[in-house]
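Enquirer: task: produce atomic coordinates for the following.
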Amino acid sequence: GGGAPIGEPSSKGHVVIGLEDAKSIAEEAKKAVLAKLDTEPMQLPSNSIEFERLWKRVKGSKDKARVFLASIPAEKLPTYFKSDIDDEVLSAIVECLDAVFLPDRLPEAVQVLSGMLSLPRFSIAIKLMSRKDKEALGAVIAHMIYVLGEPPQQQNSCSAPDASPPAPLVRQKLP
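Expert: Below is the predicted model of the structure:
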């Protein structure tokens, strides 16, 4: 049994289509799912355990992780990490900021980063980050500074050079 000809119903009632049509349908379905992810509010966690549980569920999908992080108001992030933030979670959030939010979703990245900056002991967590994570966080900050300018209150020691834009993103070392 070679199956039904293209455009004709198969023995299971499905219409057989060509490869290009299948790719086009799959791309449209992907766009529809991503559009729904952008408009459908995510469940907000109520504590750090719930945050980590939900994070584990979404971190495998860049789009779901982005929607999840962007749905959390910056002022809520410290409530999930009252004493400190897990190294793996911090690393995954930084990776998500670098790979998914920038350069097109800068306001969302600023929201997430501002929430992270208010975490207790965040400065200690930064010092304990891997070199790769520090470079990724440096790139995120450099891109934000390039686009938004220096923060008015104080100069950041990991700011980008004034001369040129990040290309594609400037990697800088953090202290």
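Enquirer: where do the helices sit along the protein?
Expert: Remark: helices assigned in the chain by DSSP state H are 19-39, 48-58, 62-71, 77-80, 87-96, 106-117, 122-127, 131-148.
Enquirer: JSON lines for those helices, including mean neighbour count and mean pLDDT?
Expert: No exception for glycine: its C-beta is placed from N, CA and C like everyone else's. Shown next, in JSON lines, are the helices of the chain (neighbours: other Cβ atoms under 10 Å; pLDDT from 0 to 100):
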{"stretch": "helix 19-39", "mean neighbour count": "11", "mean pLDDT": "69"}
{"stretch": "helix 48-58", "mean neighbour count": "15", "mean pLDDT": "86"}
{"stretch": "helix 62-71", "mean neighbour count": "19", "mean pLDDT": "84"}
{"stretch": "helix 77-80", "mean neighbour count": "19", "mean pLDDT": "85"}
{"stretch": "helix 87-96", "mean neighbour count": "19", "mean pLDDT": "85"}
{"stretch": "helix 106-117", "mean neighbour count": "18", "mean pLDDT": "86"}
{"stretch": "helix 122-127", "mean neighbour count": "14", "mean pLDDT": "87"}
{"stretch": "helix 131-148", "mean neighbour count": "19", "mean pLDDT": "87"}
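Enquirer: per-residue pLDDT, P165?
Expert: In this model, P165 is scored at 45, pLDDT.
Enquirer: could you do N156 as well?
Expert: At N156, the model reports a pLDDT of 46.
Enquirer: what does A99 give?
Expert: In this model, A99 carries a pLDDT of 81.
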